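> have a look at this fold, sequence not included:
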């Protein structure tokens with residue numbers, strides 16, 4: 001069964017602006033800053049409960065180049081009235097349609113990546129009562145600063161929240177980065193496994 005969050009490897013082609021090249025005085029050209037065709041970043045932070053209809057999360061970013069360090073902010077809206085529920089001997093899994101907006105800001109605050117995401121939030125309640133909740137989503141990217149070439153590409157993200165409120169996750173945006181996309185896919189699958197193998201659970205919408 002295909003998951004709602006099947007990763008899409010195709011994105012809109014991004015052109016390198018002519019102004020991105022500068023002469024170094026020796027007849028050679030080099031990149032004036034790096035043209036980012038893709039970005040993968042890990043997220044770590046805290047948030048309000050993903051079990052409500054509205055939640056927020058924030059924390060730090062660990063990526064590369066313009067997003068080597070930075071911060072993230074996320075807002076999440078889940079329509080739990082659409083939830084479908086699956087119960088097994090290991091616990092109960094509930095998944096509902098959801099939307100979110102995630103913004104990443106680099107150490108240089110003009111370097112930003114933002115995306116409105118559509119997907120689902122899943123809550124996995126184990127037999128011992130422990131609850132893990134995860135949002136999975138994708139959507140078009142808007143970026144600024146040296147990350148501007150990412151604008152128009154597809155962004156993918158997940159945010160996993162443990163019972164203590166801590167949040168971890170990842171974001172991938174762009175194209176031509178098989179390693180980054182593979183890394184994101186592996187981390188997303190791991191998050192889905194921690195949330196009751198929710199990648200095999202479809203919502204009603």
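Received the coordinates, thanks. Everything quoted here is computed from the prediction, not taken from an experiment.
> give me the buried positions along stretch 103-122.
Using 16 or more other C-beta atoms under 10 Å as the test for burial, stretch 103-122 gives 104-106, 111-115, 117, 119-122. Heads up, the C-betas are built off the backbone N, CA and C, glycines and all.
> greatest separation within the residues you listed: which pair is it?
111 and 122 (31.5 Å; C-beta to C-beta).
> how about CSV for the buried residues of stretch 103-122, with distance to residue 197, secondary structure and pLDDT added?
Formatted as CSV, those follow (distance: C-beta to C-beta, whole Å; DSSP: H, G, I helix; E, B strand; the rest coil; pLDDT from 0 to 100):
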residue, distance to residue 197, secondary structure, pLDDT
104, 28, strand, 97
105, 33, strand, 97
106, 34, strand, 96
111, 36, coil, 96
112, 34, strand, 97
113, 29, strand, 96
114, 30, strand, 97
115, 26, strand, 97
117, 21, strand, 98
119, 16, strand, 96
120, 14, strand, 96
121, 16, strand, 97
122, 10, strand, 96
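> what does stretch 67-75 rub up against?
39, 41, 43, 45, 47, 54-63, 100-107, 111, 113, 147, 159, 171 (C-beta atoms under 8 Å, 6 or more residues apart in numbering).
> what sits against residue 173?
38-39, 113, 115, 141, 143, 150, 153-156.
> by neighbours, which of the residues you listed wins?
Of all the contacts of residue 173, residue 113 has the most neighbours under the rule other C-beta atoms under 10 Å, reaching 32 neighbours.
> correct me, but it touches residue 139?
No - the pair residue 113 / residue 139 is not scored as a contact, 11.7 Å apart, by C-beta atoms under 8 Å.
> overlap in contacts, the two.
residue 155.
> which ones are touching residue 124?
Here residue 124 is in contact with 91-93, 131-134, 194-196, 198 (C-beta under 8 Å, 6+ apart).
> in three-state terms, label residue 149 for me.
At residue 149 the chain is in helix, as set by DSSP: H, G, I helix; E, B strand; the rest coil.
> and it, how many neighbours does it have?
20.
> confidence score at it?
Per-residue confidence (pLDDT) for residue 149: 92.
> tell me where the chain has helices.
178-194 (DSSP state H).
> next one: residue 39 relative to residue 163, how far apart?
30 Å (C-beta to C-beta, to the nearest Å).
> now do residue 125
Residue 125 is 10 Å from residue 163, by C-beta to C-beta.
> brilliant, that's me finished.
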